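**Q** turn this into a model:
(chains A and B)
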Amino acid sequence: KNEVEQSPQNLTAQEGEFITINCSYSVGISALHWLQQHPGGGIVSLFMLSSGKKKHGRLIATINIQEKHSSLHITASHPRDSAVYICAVRSMGGTSYGKLTFGQGTILTVHP
Amino acid sequence: DAGITQSPRHKVTETGTPVTLRCHQTENHRYMYWYRQDPGHGLRLIHYSYGVKDTDKGEVSDGYSVSRSKTEDFLLTLESATSSQTSVYFCAISEGTSAMYEQYFGPGTRLTVT
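**A** Modelled structure (predicted):
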């Protein structure tokens, strides 16, 4: 079983829909990251959070440390939101190099 | 955007040939990382560096070596490329290792070994 599991693996939506991507992890963490990767593109950090909720524009990320679960929400989705969304966790207790463990990603396609 | 570049961006090479990928940063960050990204596996750490001439192995280091002779450059070498090393390679940098520091990723290098 992977330490970081994302669901769904693939998600198709119509423009304007509310989207939720989930991330569950099995280890104690000090931080969780949400990353975005456009087709053929680089990887961009959307959020880094260790508790509660963060909002940036139409994107909202929440985390429940007790339940070891995080969600990424996109409100009023748009075709330009089509991308792979990746969850990554930084383990508590850590290592000397700031190890990140990554989920396999969720492929989001938003149709006009 | 963090100042990270990777070269080359695309490369096709034959099995058994040596290949070197370069990561260059202008941020003066101490930590640098090489990852590979493969379908079904997500991102996996190959090697990392915590300073000039200070490097160590990640989880998938077999067949790879690295060097860091300057703060700004981190080189990944495939001594004898194999088809299993066909992948997209990402470099990342970070100021520190605690939870307060983000990792910033380069644009990636797509390597095909035929």
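**Q** closest point of chain B to chain A, which residue?
**A** Among the residues of chain B, residue B:97 lies closest to chain A, at 3.3 Å counting by Cβ to the nearest Cβ. The C-beta positions use only the backbone N, C-alpha and C, and glycine is treated the same way.
**Q** count the neighbours of the residue lying closest to that residue once chain neighbours are set aside for me.
**A** Distance criterion Cβ to Cβ, 6 or more residues apart in numbering or on different chains; nearest residue to residue B:97, sequence neighbours excluded, is residue A:98 at 3.3 Å. When neighbours are counted by other Cβ atoms under 10 Å in any protein chain shown, residue A:98 registers 24.
**Q** residues in contact with residue A:98?
**A** With Cβ atoms under 8 Å, 6 or more residues apart in numbering or on different chains as the criterion, the residues that contact residue A:98 are A:90, B:31, B:94, B:96, B:97, B:98, B:101, B:103.
**Q** can you pick the most crowded of those?
**A** For the contacts of residue A:98, neighbours tallied by other Cβ under 10 Å; top is residue B:103, 25 neighbours.
**Q** residues touching that residue, list them.
**A** Here residue B:103 is in contact with A:33, A:45, A:98, A:100, B:33, B:92, B:93, B:94 (Cβ under 8 Å, 6+ apart).
**Q** just checking, which of the residues you listed comes out lowest on pLDDT?
**A** For the contacts of residue B:103, the minimum pLDDT belongs to residue A:98; the value there is 73.
**Q** ok so it is a helix residue?
**A** No. With the criterion set as DSSP: H, G, I helix; E, B strand; the rest coil, the secondary structure at residue A:98 is coil rather than a helix.
**Q** which positions in chain A make contact with chain B?
**A** Counting by Cβ under 8 Å from any Cβ of the partner chain, the residues of chain A close to chain B are A:4, A:30-31, A:33, A:35, A:41-45, A:48, A:50, A:86, A:88, A:90, A:94-100, A:102-105.
**Q** buried ones in stretch B:62-75?
**A** Neighbour-count burial for stretch B:62-75, counted by 16 or more other Cβ atoms under 10 Å in any protein chain shown, picks out B:64, B:66, B:68, B:72, B:74, B:75.
**Q** what's the most distant pair in these?
**A** Comparing every pair within those by Cβ to Cβ identifies B:64 and B:72 as the most remote, at 20.3 Å.
**Q** so of the residues of chain A next to chain B, which ones are in strands?
**A** Applying DSSP state E to the residues of chain A next to chain B, the entries found in strands are A:4, A:30-31, A:33, A:35, A:43-45, A:48, A:86, A:88, A:90, A:100, A:102.
**Q** residue contacts, the residue nearest to residue A:14 when sequence neighbours are not counted?
**A** Taking Cβ to Cβ, 6+ apart, and ignoring the residues beside it in sequence, residue A:14 has residue A:111 as its nearest neighbour in space, at 5.6 Å. Each residue near residue A:111 by Cβ under 8 Å, 6+ apart is listed here: A:12, A:13, A:14, A:15, A:79.
**Q** circling back: pull out the buried residues from the residues of chain A next to chain B.
**A** With burial judged by 16+ other Cβ under 10 Å, the buried subset of the residues of chain A next to chain B is A:4, A:31, A:33, A:35, A:42-43, A:45, A:48, A:86, A:88, A:90, A:97-100, A:102-105.
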